[in-house]
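Trainee: I would like to see how this sequence folds:
(one chain, ligands or ions: 1)
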Amino acid sequence: MHPTQMKTAATFTARIVRGGKWFIAFSPDHMVSLQNPGADVLMKLNIIAPLTESHSGPPSAMSRTILMIGGNSGIGLATARLLQAQGNSLVVAARSAGPLEEMGVPVQPFDAHNPGPLELPPVLDGFVYFPGSITLKPFHRLTAEDFLNDYQINCLGAVAALQAALPALKAAPSASVVLFSSIAVAQGLPFHASIAAAKGAVEGLVLSLAAELAPRIRVNAIAPSLTDTPLAGNLLNSDVKMEAAAKRHPLQQVGDPDDVAQLVSFLLSGASKFFTGQILRPDGGLSSIRTF
Ligand SMILES: NC(=O)c1ccc[n+]([C@@H]2O[C@H](COP(=O)([O-])OP(=O)(O)OC[C@H]3O[C@@H](n4cnc5c(N)ncnc54)[C@H](OP(=O)(O)O)[C@@H]3O)[C@@H](O)[C@H]2O)c1
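Mentor: Next up, the predicted model:
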């Protein structure tokens, strides 16, 4: 029995509510722990009969070990909340912990401008890279520094983190990688030259890595249109702006971070086991249809 098979078979979290929050979780050394968050570990059990890979079936979003880069804000935070509620084990690296601290999610430092080493578990079932930027300027005002800055945060930061995570992703029987692009790649938008170039690089990276890492590791991207997060704050900070932005979309609304989080969860789960090399576009129809 290969250790990764044991890990996959063993990766589950159950919540039992009896006079407080109790849960069972597997630790990296493949032992079961029965814990009460309000007290120390009560007992540990050895696995008696680890399941084989064939028993484990396609992995689902439930109870997987997911590395999230970012996750303290916007779509990342909505995803962290969803994945935690689903019982997944989260490993987060971000510039700051923000609300993740209250959620009890440990956060290690990560800055896309200067990515350092990451402390990772031996096996990872999923990887999501959230850091992003919006630099909106007329092309003649964009500097080489603007282009390099967007490229570093959106593309090279993802490259560094994914290279660090690759051994752990390869150690899983199957794993899923999710990166973030933008509608500005599929739909030309004025003043988006720098971010469109950086996210275009991300989409190219996704296709190449999906081919290189198949069949064990799936690689996909999500390319949202304007979504109501701090990143888009300047574009949506009044009722007038919000209404105008909604009207630009065939579905007459801007993006909701919780909806995008559901898409991340889907791409991490076994429900998307036939998806790789895809760019999913939660964009209210803006990149693909006209209603007039
Ligand atoms: N919201 C939209 O309209 C929209 C549209 C298209 C694509 N997207 C993409 O969706 C993804 C999530 O963005 P969001 O809308 O959820 O925005 P958000 O709430 O502002 O989150 C952006 C995240 O990026 C992190 N970040 C920025 N620079 C970083 C750096 N140098 N190193 C590490 N982390 C850094 C931020 O961390 P700090 O909190 O430490 O700053 C924050 O966690 C991004 O890739 C973005 O490009 C968003």
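Trainee: partner residues bridging the one residue sitting closest to the centre of the chain?
Mentor: Among the residues of the chain, the one closest to the centroid is Val128, at 2.7 Å (C-alpha atoms, centre = their mean). Using DSSP bridges, the beta-bridge partners of Val128 come out as Met68, Val178.
Trainee: For the stretch 1-150 of the chain, what lies in contact range of the ligand?
Mentor: 70, 72-76, 94-96, 110-113, 130-132 (C-beta under 6 Å from any ligand atom). C-beta coordinates here come from the backbone N, C-alpha and C atoms, glycine included.
Trainee: Out of those, which sit inside strands?
Mentor: If you go by DSSP state E, those have Ala94 in strands.
Trainee: Next up, the contacts around the residue lying closest to Leu236 once chain neighbours are set aside.
Mentor: Sequence neighbours aside, Met242 is the residue nearest to Leu236 in space, at 5.1 Å (criterion: C-beta to C-beta, 6 or more residues apart in numbering). Going by C-beta atoms under 8 Å, 6 or more residues apart in numbering, Met242 touches Asp228, Leu236, Val254.
Trainee: Three-state assignment for Met242, please.
Mentor: helix (DSSP: H, G, I helix; E, B strand; the rest coil).
Trainee: sorry, back to before: okay but the residue nearest to the centre of the chain is in contact with Arg64, surely?
Mentor: No. Counting by C-beta atoms under 8 Å, Val128 stays clear of Arg64, with 11.5 Å between them.
Trainee: give me the number of residues near Ile289?
Mentor: Using other C-beta atoms under 10 Å, the number of residues around Ile289 comes to 10.
Trainee: Now it. Nearest residue, chain neighbours left out?
Mentor: In space, Ile289 is closest to Pro250, 5.4 Å off (C-beta to C-beta, 6+ apart).
Trainee: Let's see the pLDDT reported for Cys292.
Mentor: Quick fix: residue 292 reads Phe, not Cys. For Phe292, the pLDDT comes out at 88.
Trainee: Tell me the buried residues in the longest helix along the chain?
Mentor: Using DSSP state H to define each element, the chain has its longest helix at helix 193-213. Using 16 or more other C-beta atoms under 10 Å as the test for burial, helix 193-213 gives 193-203, 205-206, 209-210, 213.
Trainee: now it: how far from the chain's centre is it?
Mentor: On the basis of C-alpha atoms, centre = their mean, to the nearest Å, helix 193-213 sits 16 Å off its chain's mean C-alpha point.
Trainee: right, is that helix up against the ligand?
Mentor: No. Helix 193-213 does not reach the ligand (C-beta under 6 Å from any ligand atom); its nearest approach is 6.9 Å.
Trainee: Now that helix: average pLDDT?
Mentor: Mean predicted confidence for helix 193-213 is 98.
Trainee: what's the next secondary structure element after that helix?
Mentor: Sequence order places strand 217-222 as the next helix or strand after helix 193-213, per DSSP states H and E.
Trainee: and that next one, which strands flank it?
Mentor: Short version: by DSSP bridges, strand 217-222 pairs with strand 175-180 (parallel), strand 279-280 (parallel).
Trainee: Tell me which of the ones you listed lies nearest to the ligand.
Mentor: Among the strands paired with strand 217-222, strand 175-180 comes nearest to the ligand, with 3.5 Å by C-beta to the nearest ligand atom.
Trainee: chain center to the very next helix or strand once past that closest one, what's the gap?
Mentor: Downstream of strand 175-180, the first helix or strand assigned by DSSP H and E is helix 183-186. Relative to the mean C-alpha coordinate of its chain, helix 183-186 is positioned 19 Å out (C-alpha atoms, centre = their mean).
Trainee: Could you list every helix and strand in contact with helix 183-186?
Mentor: Packing partners of helix 183-186 (3 or more C-beta pairs under 8 Å, 6 or more residues apart in numbering; DSSP states H and E): helix 193-213.
Trainee: Let me know the pLDDT of Leu280.
Mentor: pLDDT, Leu280: 98.
Trainee: Number of residues surrounding it?
Mentor: Around Leu280 there are 19 other residues, counting by other C-beta under 10 Å.
Trainee: So what pairs up with it in the strands?
Mentor: Ile222.
Trainee: how about stretch 150-166 as PDB, C-alpha atoms only?
Mentor: The C-alpha trace of stretch 150-166 is given here as PDB (Å, rounded to 0.1, in the frame of the first residue of the first chain):
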ATOM      1  CA  ASP A 150       0.700  42.700 -12.900                       C
ATOM      2  CA  TYR A 151       2.700  39.800 -14.400                       C
ATOM      3  CA  GLN A 152       4.500  39.200 -11.100                       C
ATOM      4  CA  ILE A 153       1.400  39.100  -9.000                       C
ATOM      5  CA  ASN A 154      -0.900  37.200 -11.400                       C
ATOM      6  CA  CYS A 155       1.500  34.900 -13.200                       C
ATOM      7  CA  LEU A 156       4.900  34.500 -11.700                       C
ATOM      8  CA  GLY A 157       3.500  34.300  -8.100                       C
ATOM      9  CA  ALA A 158       1.300  31.400  -9.300                       C
ATOM     10  CA  VAL A 159       4.300  29.800 -11.000                       C
ATOM     11  CA  ALA A 160       6.400  30.000  -7.800                       C
ATOM     12  CA  ALA A 161       3.700  28.700  -5.500                       C
ATOM     13  CA  LEU A 162       2.700  25.900  -7.900                       C
ATOM     14  CA  GLN A 163       6.300  24.800  -8.300                       C
ATOM     15  CA  ALA A 164       6.600  24.600  -4.600                       C
ATOM     16  CA  ALA A 165       3.300  22.600  -4.300                       C
ATOM     17  CA  LEU A 166       3.900  20.200  -7.200                       C
END
